[in-house]
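Enquirer: Here's my sequence, what's the structure:
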Amino acid sequence: MAVLTEVSDEQAGALCRLYGLGELDALTGIPQGIENTNYKLMAGGKRYILTLFEGRTDLSELPYFLTLMNEVAEAGLPAPRPLEQAEGGMLTEVAGKPAAILSFLRGKDIPAPTPEDAHGAGAFLARLHQVTANTSLHRPNSMGVASWQVMAKRLSGRLDHFAGGLEAEVSDVLSELTVSKPSGLPRGAIHADYFPDNLLWSDGAISGVIDFYFACTDDLAYDLAVAMNAYTPEDRPDEGQGDALLEGYETVRPLTKAEKAALPAFLTGSALRFFLSRATDLVFPPQGALYQGKDPLPWLELMRKRREKMGAAT
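Expert: Have a look, this model is predicted:
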């Protein structure tokens, strides 16, 4: 989330009228993030989030993301609810960019979650999966194994700058993951980016899950693996947050035997995914984005640890 496109008070006021929100009270840019432009919008004494979708977002997929958020909110979980215009429709255009207004969720993320926090995050993810497992919505995973192969190919000749022999290592891991890819597991709409900064907390409880813009249809256990890796601190990987998240998840939705068998491969693959995406953004910075590169090497080390357990499980 970042302010990549300026929105004037006049434009915001016109939006407020379009959505029937009353008069504009205030408009404040949200500087964090890199993907889209976000503002806190206050109108009629109420708070909202105005999001402008920038170039990295596939505009044809916006209805999927917004409809999924609405389904989750309708099911009673704290997710942003896209507002509809007075004459219908969730999307509009501001400053030449597609835009939507979302309900405001109170709370803040926990930058350094404890194992107890991770346990609660895992239980909440399982509740989310119970809601999304039966949705009729469908979107292929644009960050699945095929995309990892594309990123690895794009980084060809550069991976060894991160670590000696890495190009061959990544090729080997991709081959292993392709061979061991499980099938027939429970599937549904997954969040696919369940990091601590996408979960809001208030008074010790989860008050919101945000940023559904990587959501897609895939194995629920893969989403769990993404979350377990995301909650593993880069500087303190042995504190147990990933295991605590798994324990919390299974208090709500116990894994099947097949899902448990697939988890080591999913953990290895999701760690590789985030190493490759971080490495790609360092070598090929997103055009027009206020991007500060993140170190991909902790994800490489995590991938290696996960791979050891994947080998032990086979």
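
Enquirer: and the worst-scoring helix or strand of the chain on mean pLDDT, which residues are buried?
Expert: Lowest mean confidence among the helices and strands of the chain (mean pLDDT, DSSP states H and E): helix 297-313, at a mean of 89. Judged by neighbour count using 16 or more other CB atoms under 10 Å, the buried positions of helix 297-313 are 298-300, 302-304, 306-307, 310. (Each C-beta comes from the backbone N, C-alpha and C, glycine too.)

Enquirer: and the two most separated of those residues?
Expert: Spanning the widest gap among those are 298 and 310, at 18.4 Å by CB to CB.

Enquirer: Return the list of helices and strands in contact with the least confident helix or strand of the chain.
Expert: On a contact count with 3 or more CB pairs under 8 Å, 6 or more residues apart in numbering; DSSP states H and E, helix 297-313 meets helix 166-179, helix 220-230, helix 257-283.

Enquirer: rewinding a little: between the buried residues of helix 297-313, which sits nearest residue 232?
Expert: Distances from residue 232 to these, taken by CB to CB, are shortest for residue 302, at 6.3 Å.

Enquirer: Find the centremost residue of the protein, please.
Expert: residue 193 (2.1 Å; CA atoms, centre = their mean).

Enquirer: which secondary structure element contains it?
Expert: Using DSSP states H and E, residue 193 maps to neither a helix nor a strand.

Enquirer: Can you tell me the SS state at residue 39?
Expert: Under DSSP: H, G, I helix; E, B strand; the rest coil, the three-state class of residue 39 is strand.

Enquirer: In terms of helix, strand or coil, where does the nearest residue to it once chain neighbours are set aside fall?
Expert: Nearest residue to residue 39, sequence neighbours excluded (CB to CB, 6 or more residues apart in numbering): residue 50, at 4.3 Å. Secondary structure, three-state DSSP: residue 50 is strand.

Enquirer: Tell me the pLDDT of residue 287.
Expert: On pLDDT, residue 287 comes in at 61.

Enquirer: where does the stretch 151-300 of the chain dip in pLDDT?
Expert: 286-293 (pLDDT under 70).

Enquirer: Look up how far residue 187 lies from residue 147.
Expert: 18 Å (CB to CB, to the nearest Å).

Enquirer: Same check on residue 133?
Expert: From residue 133 to residue 187 the distance is 8 Å (CB to CB).

Enquirer: what residues are shared contacts of these two?
Expert: residue 220 (CB atoms under 8 Å, 6 or more residues apart in numbering).

Enquirer: okay, those two: which has more neighbours?
Expert: residue 187 (17 against 14; other CB atoms under 10 Å).

Enquirer: and the more buried one, what does it touch?
Expert: 133, 217-220.

Enquirer: most surrounded residue in these?
Expert: Counting neighbours by other CB under 10 Å, residue 220 leads the contacts of residue 187 with 25 neighbours.

Enquirer: pretty sure that one is touching residue 185, no?
Expert: Yes - judged on CB atoms under 8 Å, residue 220 makes contact with residue 185 at a distance of 7.2 Å.

Enquirer: Next up, the contacts around the residue nearest to residue 39.
Expert: Taking CB under 8 Å, 6+ apart, one finds 7, 12, 15, 27, 38-41, 94, 99-102 in contact with residue 50.

Enquirer: ok, back up a step: can you redo the buried residues of helix 297-313 as JSON lines with distance to residue 115?
Expert: As requested, the buried residues of helix 297-313 are exported to JSON lines (distance: CB to CB, whole Å):
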{"residue": "298", "distance to residue 115": "19"}
{"residue": "299", "distance to residue 115": "20"}
{"residue": "300", "distance to residue 115": "24"}
{"residue": "302", "distance to residue 115": "17"}
{"residue": "303", "distance to residue 115": "22"}
{"residue": "304", "distance to residue 115": "23"}
{"residue": "306", "distance to residue 115": "19"}
{"residue": "307", "distance to residue 115": "24"}
{"residue": "310", "distance to residue 115": "23"}
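
Enquirer: I'm done for today, thanks for sticking with me.
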